[in-house]
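**Q** predicted model and sequence follow; I will ask about them next.
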Amino acid sequence: MPDKLKRLLIGSGLGVLSALFIWGATSAKWSFLKGVVDNYEFSSYDSRFQARTSNFQEESIDTVLIIDIDQQSINELGNYFRWYHDRHGKLIDYLSTGGARAILFDILFDPEPDPYRDTAFVNTTHRAGNVYHAIALSQADTLNFQYPMTAPPEGLHLHTVSPGEDLEDVARIYFGDPAAADFLRSINTDLLPADGKAREGQAIRIPTLLDAASKTLPLPADIAAHFPSGERFDITLIDLLNASRGIGSANFPQDPDGIIRRSPTAVYFSSAGQVYPSLTMAAIMDILDVPAGRLDYDFKRRRLRMTNRAGQVVRDIPIDPEGRLWVNYYGMHRTFRYIPYAWAAPEMLPAEYFKDKIILVGSTLAGLMDLRNSPMQEAFPGVEIHANVIMSILMNEFVRPVSKVNMLLIVVILGLVLGAILVWFKALTSLLITAVFVGGWMLFTYVRFLGGLEVFEMVRPIISFGGTFLSVNLYQFLVLEKDKRFLRKTFSTYVSPELIEQMVESKLEPQLGGESGVRTAYFTDIQSFSGFSEILTAKQLVALLNEYLTSMTDILLNEGGTLDKFEGDAIVGIFGAPMPMEDHALRALRTALAMQEAQAELRQKWASEGDKWPQLVHNMRMRIGVHSGEFVTGNMGTITRMNYTMMGDVVNTAARLEASAKHYGIYIQCTTESLNLAGSELFEWREIDKVRVMGKSEAVETVEIMAHKGQLDGSLLEMR
């Protein structure tokens, strides 16, 4: 398998494995990380809602109106807890006269001490025909003697005795048995005269049961088991519930952090085996003409389809595993139109103002304990959450979370792509690329939510990006960087870092032995260096050599040359090994000219330092010998200690060219082999001699390299 393909597959594989591991570790129910990540995910979800609702307009929606039991209403009408129920009955009559589309009470009612007032409220509710009342389910608490209930509690209905009617007749009507009259007397002792006989027009209490058949949803037990549940039915004003157009749960189960993000569509009275809609769903079903038997819950797809009486699917609502929809908040508190309860009267507003409106009756007062935490703000009225849910269903605008399966697929694909990219880069660049992925994903999730209420998870993908970054860089450190570290340890003192990178890519590893190839050998030496050691102190000599050798070696390495060794003041270099290069001769000649220029600059520097250096140092010159041909390079020495060097006749020739340059008074001498390989048209040069090298029958033609083409000093042109 090609190395590049192998590296690509490893990077992609690491990205996929990182994504799968992080997804599993943060999604498994047994993992402590799940709660931590979910909380951060909730926070990111909330921040998207905050961005979406930041420009809301106060009371801009009046399709759904809220009649608010606010402080102003309390001030005008008195303490709410002293309000009689028939006051709400008058409100219903007023709203119905104006043509309100539906009236929902986000209030839980218990029986009044005065049953006549309850009767007035019940009759008004029944007469309106479009009133929906709230119920509440709770869990059993046997320690406090609150046991599971197998049915809603009984209520009490007031019956007015007709002319000629006695208790036996009433008992026969309600119980089918005149003997039940004694039971009626026992529960009406405070209403009946002393003789215990009912009089014409007399009101007596009759026990009643909730008409569950008309108020519940006919759903099978396996579906019902998904819903939020309770074992106790906490409302006892059963007559009011029976008189309602519909009833439903007004509760909002909160997320672990205390914020309301989802609203139930139904609740399960588990101990009685009954399913009740939510308060908002009870009203919406009638508004959309959806009968109770036309709610299709698909928990595999996590959808709720609502089909009307004509057989049309009018809504397809995304739900969670508990049948809850995600609340689409249209804005901050008071996005919906609020009417103070005290103003909901003919003398304040004409009843026609409420025509075709959906009315929610509730309270924004903290003392009435209906303030919740929303994604945008704390202390958000529960009644306005109902308004948001109703508006969302009416407008068919739903928050649409991407399924877990699709999210996992997205995370795996992104991990694969990111891993395939990062495997080619070093840590810092990889970090920047990962940061781009993180920023890009955050932007993507915001855009998708703001544009279409589509919820992509933000946190788990970001963590998976980090995991991919760590795993790929760990692989590079343990595997790829291992080779680099080995090569650096072996070659770093005489090969440039760039060349080491090339050696890593080509998987060239140092080993004992050598290999033959066409390369260029390079020798330098300082002219008359023995004189320096005679007039300089040891400390001065070391300082001078260090400065000189550092400057020259940097030039050698920058041109891709390999430092073979230092021999006193001499520099021995190789071009074309250990990494082969086509232009080794060209690089060698460029290096020779660059070294001469650098030494001229050093001479000026030393001269400018005054008496620090003697005149000999100010006039320092170096000679260079260059020859190209086939010779052996490799690591020579022992298994535990080796040195990369070169051997062969070409090497010896280059060394002799450097030494013989002084006889011709020149400073760069090379063979025509090197010049022709480099490109004779690129340099200013002149022929020097034909030199016979020991052991060779043919003479070697040599030339002086004077300058790059076109850069020769005028005084030297005649020497060519």
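**A** Received the coordinates, thanks. Predicted, not measured: the structure shown is a model, and the values here were computed from it.
**Q** please count neighbours and contacts with C-alpha atoms only from this point.
**A** Will do.
**Q** pLDDT score assigned to residue 236?
**A** At residue 236, the model reports a pLDDT of 76.
**Q** least confident secondary structure element in the chain?
**A** helix 497-505 (a mean of 62; mean pLDDT, DSSP states H and E).
**Q** what's in contact with whichever strand or helix holds residue 542?
**A** Using DSSP states H and E, residue 542 sits in helix 538-558. If you take Cα atoms under 8 Å, 6 or more residues apart in numbering as the criterion, helix 538-558 is touched by 494-496, 532-533, 562-563, 569, 571, 573, 591, 594-595, 598-599, 602.
**Q** by neighbour count, which of the residues you listed wins?
**A** If you count neighbours using other Cα atoms under 10 Å, the busiest of these is residue 562, which has 29 neighbours.
**Q** could you check the pLDDT of it?
**A** pLDDT, read off for residue 562, is 89.
**Q** now do the one 3 residues further on
**A** Here, the pLDDT recorded for residue 565 equals 90.
**Q** that one belongs to a strand?
**A** Yes - with DSSP: H, G, I helix; E, B strand; the rest coil as the criterion, residue 565 is located in a strand.
**Q** what are the bridge partners for it, then?
**A** Counting by DSSP bridges, residue 565 is bridged to residue 572.
**Q** partner strands of whatever helix or strand residue 670 lives in and their direction?
**A** Residue 670 is part of strand 668-671, with elements assigned from DSSP H and E. Paired neighbours of strand 668-671 in the sheet (DSSP bridges): strand 622-637 (parallel), strand 699-708 (antiparallel).
**Q** sort out which residues of the helix holding residue 542 are buried, please.
**A** Going by neighbour count (16 or more other Cα atoms under 10 Å), the buried part of helix 538-558 is 544, 549, 552-553, 555-558.
**Q** pipe those residues into a markdown table and attach pLDDT and distance to residue 287 per row.
**A** As requested, the buried residues of helix 538-558 are exported to a markdown table (pLDDT from 0 to 100; distance: Cα to Cα, whole Å):
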| residue | pLDDT | distance to residue 287 |
| --- | --- | --- |
| 544 | 94 | 97 |
| 549 | 95 | 92 |
| 552 | 96 | 90 |
| 553 | 93 | 88 |
| 555 | 96 | 85 |
| 556 | 94 | 86 |
| 557 | 90 | 83 |
| 558 | 92 | 81 |
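**Q** from these, which is closest to residue 692?
**A** residue 556 (28.5 Å; Cα to Cα).
**Q** which parts of the stretch 51-200 of the chain are strands?
**A** Assigned by DSSP state E, counting those that start in this stretch, the strands in the stretch 51-200 of the chain fall at 61-68, 102-105, 131-135, 137-138, 155-160.
**Q** my guess is residue 196 contacts residue 185. True?
**A** Yes - applying Cα atoms under 8 Å, one finds residue 196 in contact with residue 185, separated by 6.6 Å.
**Q** now, which of the contacts of helix 538-558 lie within helices?
**A** Of the contacts of helix 538-558, the ones assigned to helices by DSSP state H are 532-533, 591, 594-595, 598-599, 602.
**Q** show me where pLDDT drops low in the stretch 451-600 of the chain?
**A** For the stretch 451-600 of the chain, the stretches flagged by pLDDT under 70 are 480-513.
**Q** check which helix or strand the closest residue to residue 635 other than its chain neighbours maps to.
**A** Spatially, and ignoring its direct neighbours in sequence, residue 635 is nearest to residue 644 (4.2 Å; Cα to Cα, 6 or more residues apart in numbering). Here residue 644 sits within strand 642-647, counting by DSSP H and E.
**Q** run through who's touching that strand.
**A** 491, 512, 564-565, 574, 631-637.
**Q** of those, closest to residue 36?
**A** Nearest to residue 36 among those is residue 491, at 48.7 Å by Cα to Cα.
**Q** for residue 85, see how far away residue 344 is.
**A** From residue 344 across to residue 85, the span is 16 Å (Cα to Cα, to the nearest Å).
**Q** off-centre distance for the strand holding residue 670?
**A** Relative to its parent chain, strand 668-671 has a centroid offset of 64 Å by Cα atoms, centre = their mean, to the nearest Å.
**Q** can you pull the contacts of the spatially most central residue of the chain?
**A** By Cα atoms, centre = their mean, the chain has its centre lying nearest to residue 458, at 2.8 Å. Shown in contact with residue 458 (Cα under 8 Å, 6+ apart): 41, 44, 441-442, 445.
**Q** just residue 27 next, same as before
**A** So residue 27 contacts 33-34 (Cα under 8 Å, 6+ apart).
**Q** do the same with residue 376
**A** 46-47, 49-50, 53, 332.
**Q** please apply the same query to residue 462.
**A** Residue 462 neighbours (Cα under 8 Å, 6+ apart): 438, 441.
**Q** now do 7 Å
**A** residue 438 (Cα atoms under 7 Å, 6 or more residues apart in numbering).
**Q** hmm, back to that, ok, the contacts of helix 538-558 vs residue 468, which is closest?
**A** Using Cα to Cα, the contacts of helix 538-558 come closest to residue 468 at residue 496, 31.2 Å.
**Q** distance-wise, check the residue of the chain positioned farthest from its centre relative to residue 189.
**A** Most distant from the centre of the chain: residue 195, at 78.2 Å, with distances by Cα atoms, centre = their mean. Distance of residue 195 to residue 189, computed by Cα to Cα: 10 Å.
**Q** for residue 208, same thing?
**A** From residue 208 to residue 189 the distance is 18 Å (Cα to Cα).
**Q** between these two, which is the more surrounded one?
**A** More crowded of residue 208 and residue 189, by other Cα under 10 Å: residue 208, with 17 against 13.
**Q** what are the phi and psi values at the more buried one?
**A** phi -130, psi 160 (degrees, to the nearest 10).
**Q** can you give me the helices in the stretch 51-200 of the chain?
**A** Secondary structure of the stretch 51-200 of the chain, counting by DSSP state H, counting those that start in this stretch: helices at 71-77, 85-97, 115-128, 167-175, 181-187.
**Q** circling back to that earlier point, how about the CA coordinates for the strand holding residue 670, as CSV?
**A** Provided in CSV are the C-alpha atoms of strand 668-671 (Å, rounded to 0.1, in the frame of the first residue of the first chain):
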residue,chain,number,x,y,z
ILE,A,668,36.9,28.7,-5.9
GLN,A,669,38.2,25.8,-8.1
CYS,A,670,35.9,23.2,-9.5
THR,A,671,36.0,20.7,-12.3
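**Q** residue contacts, residue 637?
**A** Residues near residue 637 by Cα under 7 Å, 6+ apart: residue 643.
**Q** identify the bridge partners of it.
**A** residue 642.
**Q** now it: how far from residue 578?
**A** Residue 637 sits 16 Å away from residue 578, going by Cα to Cα.
**Q** what of residue 273?
**A** Distance from residue 273 to residue 578, by Cα to Cα: 83 Å.
**Q** what stretches of this protein score poorly on pLDDT?
**A** 1, 480-513, 639-642, 693-697, 714-720.
**Q** let's see that with 50 instead.
**A** Low-confidence segments of the chain (pLDDT under 50): 512.
**Q** domain boundaries for it, per the record?
**A** Structural domains assigned to the chain are 3-30+402-486, 61-154+209-395, 492-719, following automatic domain parsing.
**Q** quick one, which of those gets closest to residue 178.
**A** Going by Cα to Cα, the one of these nearest residue 178 is domain 61-154+209-395, 19.5 Å.
**Q** what's the first-to-last distance across that closest one?
**A** Span of domain 61-154+209-395 from end to end, Cα to Cα: 12 Å.
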